[in-house]
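**Q** mind folding the following:
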Amino acid sequence: MNLAGRETSRLVAIFASIFLIQIAVVPHFRLSGYVVDLPLILVVLASLYLNPSNGALVGFLAGVSVDLVLHTPFGMTALTFSLVGYGTSSVSGQITDRHIFVRSLTVALLSATATSLFAGIGALIGLEYVTRRELGSIALVTAVAAVPSTVLLSPLVRWVFPAETVQINE
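**A** Now for the predicted structure:
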């Protein structure tokens, strides 16, 4: 099934809203001193409904928008999000149970993995502040925050993708 204009506009609206919440509200509510990455959680959740190439595209576009406000090298978040979108879409077929509990744990695990991937990419390009000892704590906070975030965002993502799975440009 091709992604129609209605689904595209819904996805853009949700990402824009989450992006604004991320930069305006989320920094004021920290968990153990760390900021939760809502766009990452939304990329993982949306990629569960897409094929790998389109999951990577959604991740890339969301990552570029996040790169505009981060103080990291431009493209680092886009690369991470596109790899996560591709990987998530690749394993989404293996998840046979679409129960909210399984989906929440999957999103939590993949979000924590993405946080580690971001740090690994930072280490490859020589960013030392990304590879601190706190990486485990940051990944844990991301995973813990992903569970309730998935419960709250799942109805919105199902609103965007009303069919069980959506394949863009098959």
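**Q** buried residues, stretch 51-64. List them.
**A** 51-52, 54-64 (16 or more other CB atoms under 10 Å). Backbone N, C-alpha and C define where each C-beta goes, glycine included.
**Q** which element is the most centrally placed residue in the chain on?
**A** With distances taken as CA atoms, centre = their mean, the residue of the chain nearest its centroid is L40 (2.5 Å). Per DSSP states H and E, L40 falls inside helix 38-47.
**Q** now Y86
**A** Assigned by DSSP H and E, Y86 falls in helix 76-91.
**Q** just the buried residues of that helix, please?
**A** In helix 76-91, counting by 16+ other CB under 10 Å, buried: 76-89.
**Q** helices or strands up against the following helix or strand past it?
**A** Scanning forward in sequence from helix 76-91 by DSSP H and E, the next helix or strand is helix 100-124. Under the contact criterion of 3 or more CB pairs under 8 Å, 6 or more residues apart in numbering; DSSP states H and E, helix 100-124 touches helix 38-47, helix 76-91, helix 135-160.
**Q** who touches stretch 107-123?
**A** 37, 40-41, 44-45, 48, 72, 76-77, 79-81, 83-84, 87-88, 129-131, 135, 138-140, 142-144, 146-147, 149-150 (CB atoms under 8 Å, 6 or more residues apart in numbering).
**Q** ok, back up a step: quick one, the very next helix or strand once past the helix holding L40 and helix 76-91 angle?
**A** Next helix or strand after helix 38-47 toward the C-terminus (DSSP H and E): helix 52-67. In terms of direction (axes from the mean of the first three to the mean of the last three CA atoms, to 10 degrees), helix 52-67 departs from helix 76-91 by 150 degrees.
**Q** give me the distance between helix 52-67 and the centre of its chain.
**A** Relative to the centre of its chain, helix 52-67 is centred 9 Å away, using CA atoms, centre = their mean, to the nearest Å.
**Q** and what of stretch 64-83?
**A** 12 Å.
**Q** ok, now how distant is V44 from S89?
**A** Counting by CB to CB, to the nearest Å, the gap from V44 to S89 is 10 Å.
**Q** now S17
**A** Counting by CB to CB, the gap from S17 to S89 is 22 Å.
**Q** check S9 too.
**A** Noted for S9: a distance of 21 Å to S89, by CB to CB.
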